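*Asks:* just coords:
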């Protein structure tokens, strides 16, 4: 069973035009099987900060320990983060920056990614930092309507290509138990067909 195959049952209610004897509105209930939402939308900023923390460590090492120029320290920190990030994601499922935000990297089966998958997603992370600019209009009582340029950093392209997910540590147990339950259900169906 894969995370991408997990479904959540959601029940919604919709009002009808009918009322019961007491004058209360009658509702219809609908049940949907929706794809399981395994990551949060607010993780983008946390992931950006986690990557900056990881890079800052290597930047400071190259700057002060190896006495390199700040520009070279920055350039040397990029492969350092890519390689060590790949190794630590395979072993512990996160980097130091992700650990501070209690995030884990998992593959479609709920396990930590293998080294080459992790290496590929860390290389693709360089493309994630390519910002997209858009206009954002906000209205407040004090300032009125203001239009500004907003920078959006999408941190999901590398996960989409590598079929990996960034989840909070507390969701790991839920995801793994759902995968185990669905696998057991599928195995029961297979045995029943024999």
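*Replies:* Alright, I've got the coordinates. All figures in this text were calculated on a predicted structure; none of them were measured in a lab. Numbering: from 1, shown residues only.

*Asks:* contacts, neighbours, all on C-alpha from now
*Replies:* OK.

*Asks:* Which residue ranges of the chain form strands?
*Replies:* For the chain, the strands defined by DSSP state E cover 7-19, 25-35, 103-107, 132-140, 144-152, 164-168.

*Asks:* partner strands of the first one, parallel or antiparallel?
*Replies:* According to DSSP bridges, the neighbouring strands of strand 7-19, each with its direction, are strand 25-35 (antiparallel).

*Asks:* Now do the same contact list for the residue most central in space within the chain.
*Replies:* Nearest to the mean C-alpha position of the chain, by CA atoms, centre = their mean, lies residue 166 at 3.5 Å. Neighbour list for residue 166: 39, 103-106, 159 [criterion: CA atoms under 8 Å, 6 or more residues apart in numbering].

*Asks:* From residue 109, how far out is it?
*Replies:* 13 Å (CA to CA, to the nearest Å).

*Asks:* circling back: and among the strands of the chain, the most buried is which?
*Replies:* Highest mean neighbour count among the strands of the chain (mean count of other CA atoms under 10 Å): strand 103-107, with a mean of 23.

*Asks:* Can you get me a residue count around the residue lying closest to residue 54 once chain neighbours are set aside?
*Replies:* Excluding the flanking residues, the one nearest residue 54 by CA to CA, 6 or more residues apart in numbering is residue 97, at 5.5 Å. Residues lying near residue 97 (other CA atoms under 10 Å) number 22.

*Asks:* ditto for residue 158
*Replies:* There are 21 residues near residue 158, going by other CA under 10 Å.

*Asks:* now residue 143: how far from residue 26?
*Replies:* 45 Å.

*Asks:* got a list of what the residue nearest to residue 54 touches?
*Replies:* With the criterion set at CA under 8 Å, 6+ apart, residue 97 makes contact with 49-54.

*Asks:* Residues touching stretch 48-64, excluding its own?
*Replies:* 68-70, 73-74, 76-78, 80-81, 95-98, 100-101, 155.

*Asks:* just the buried members of those?
*Replies:* In those, burial by neighbour count holds for 68, 73-74, 76-78, 80-81, 95-98, 101, 155, counting by 16 or more other CA atoms under 10 Å.

*Asks:* Which of the residues you listed fall in helices?
*Replies:* 73-74, 76-78, 80-81, 96-98 (DSSP state H).

*Asks:* Pull the most distant pair out of these.
*Replies:* Greatest spatial distance among those (CA to CA): 73 and 98, at 21.8 Å.

*Asks:* Residue 85: what's its closest spatial neighbour, skipping adjacent residues?
*Replies:* Nearest one to residue 85, counting by CA to CA, 6+ apart, is residue 95 at 5.7 Å.

*Asks:* Can you verify my assumption that the one you found contacts residue 82?
*Replies:* No. The pair residue 95 / residue 82 is not scored as a contact, 10.4 Å apart, by CA atoms under 8 Å.
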